[in-house]
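> need a structure here:
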Amino acid sequence: MTRGIIIAGAAALVAAAIGAVALPGLMQGRALEALKTRTLAELVFVQGGDFQNGTYSVTWQKPDGRRIDLPVRDASQSQTSTDVTLPSYYLQAHEADNADFDMFLAATGRPEQYKSPQTSRGTAGVAAEMTWSEARDFCDWLGDVAGLNMRLPTENEWEFAARARGGTPPYATDNGQFLEGKNTHDTVIGNNPATRGVFGPSPMGFYNMADGLYEWVGDMGRVRIAKGGSNVSSAAYETIPSRAVIEGFAKTADTVTLSDNAARYGAIKTDTLYLFNATARCVADVTQAPAQSGFGTAPDLDAIGFPTIYVWPF
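Got it, this is the predicted structure:
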């Protein structure tokens, strides 16, 4: 009887040990499945079409009532305007958040990100800061999770979506205007955590394209490009055509060790380009609308309209 009790007890210990090992794997599997479900649900269908990229002019009304026609961005600070034709695609409604980024870092064996509750960096519900190479790899990984071919958008894809398929709003807010505290954060630099979805979406259904964090695009070349506004900048100056141009440079010990994310950046061997407060918003290479693809949402294009006169934001 004693021997039977010992054997039974040993079996229970083995089963408990197996359970202790299996539980984290089970939890991770559930987290990834939840991420897949959420990713598919939050993809917004962008019906392809023609538009002219780069800057464009709108009518602005100044506080004294005067109206002026001016470009929304200096031509030297935007793409060179060309006629572009794009196929249909899907784009994430939200910027990547820290919880998803943490799963990516763990799944790919990378060091954890720096976290600071005082500045909201690395905390839940806040957009995730990434280097360009991390953003590229994150979209690849997210595509594997979701079962889709996903990547960073091109600059043209980003602008086309932000402009509601080629319209001419200055900002990718709910109404194309920059209304401080109503549809964008205040303009005190560095005074705002990069929270997701605080203000309403653009008419196409995209959040934080005018504030939040800068967003990397996937165009390759000597430089890397980031789009949108940021919580650490005066976003009124960062209209849809605006672009942050990041020159490539050799990673040195100083650029790594001076960063809060030194361990993570030090583990990145190539393509490490830095921009404070930049993140990813990924594209899915699917041309079928949600009725055919079985996922995502499609905006009501007939309901999208913009003002003919915009409030001067400066």
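
> Tell me how many other residues crowd residue 60.
Per other C-beta atoms under 10 Å, the neighbour tally for residue 60 reads 18. In this view, the C-beta of every residue, glycine as well, is placed from N, C-alpha and C.

> Now do the contacts for the residue lying closest to it once chain neighbours are set aside.
In this structure, residue 60 finds its nearest non-sequential neighbour in residue 312, 4.6 Å apart by C-beta to C-beta, 6 or more residues apart in numbering. The contact partners of residue 312, taken as C-beta atoms under 8 Å, 6 or more residues apart in numbering, are 60-63.

> Make JSON lines out of these and add secondary structure.
Listed next are the contacts of residue 312 as JSON lines, based on DSSP: H, G, I helix; E, B strand; the rest coil:
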{"residue": "60", "secondary structure": "strand"}
{"residue": "61", "secondary structure": "strand"}
{"residue": "62", "secondary structure": "coil"}
{"residue": "63", "secondary structure": "coil"}
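
> can you redo these as TSV with pLDDT?
Formatted as TSV, the contacts of residue 312 follow (pLDDT from 0 to 100):
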residue	pLDDT
60	97
61	97
62	95
63	93
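
> ok, of those residues, which one's closest to residue 165?
residue 60 (22.8 Å; C-beta to C-beta).

> now the chain, which segments are flagged as low pLDDT?
For the chain, the stretches with pLDDT under 70 are 1-27, 118-119, 186-194, 248-259, 268-274, 276.

> go with 50
Applying pLDDT under 50 to the chain picks out residues 1-21, 23, 250-253.

> Next, count neighbours for the residue nearest to residue 285 when sequence neighbours are not counted.
Nearest residue to residue 285 in three dimensions, chain neighbours excluded: residue 149, at 4.4 Å (C-beta to C-beta, 6+ apart). Number of residues near residue 149 (other C-beta under 10 Å) recorded here: 13.

> Residue 149 touches residue 142, doesn't it?
No - using C-beta atoms under 8 Å, residue 149 makes no contact with residue 142, being 10.7 Å away.

> Which element, helix or strand, includes residue 141?
helix 132-146 (DSSP states H and E).

> Check residue 103 too.
Residue 103 belongs to helix 98-107, assigned by DSSP H and E.

> if I read this right, residue 240 contacts residue 162, doesn't it?
Yes - applying C-beta under 8 Å, one finds residue 240 in contact with residue 162, separated by 4.7 Å.

> which of those two has more neighbours?
residue 240 (29 against 25).

> tell me the SS of the more buried one?
coil.

> What residues does it make contact with?
Residue 240 neighbours (C-beta under 8 Å, 6+ apart): 72-73, 159, 162-163, 169-172, 209, 227.

> Turn those into CSV, columns for distance to residue 107.
Putting those into CSV (distance: C-beta to C-beta, whole Å) gives the following:
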residue, distance to residue 107
72, 40
73, 38
159, 31
162, 30
163, 34
169, 37
170, 39
171, 35
172, 31
209, 27
227, 27
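
> Residue 69: how many residues sit nearby?
Other residues near residue 69 come to 8 when the count uses other C-beta under 10 Å.

> got it, and residue 305?
Per other C-beta under 10 Å, the neighbour tally for residue 305 reads 12.

> quick one: contacts for it?
Applying C-beta under 8 Å, 6+ apart, the residues near residue 305 are residue 203.

> Thanks again, I'm all set now.
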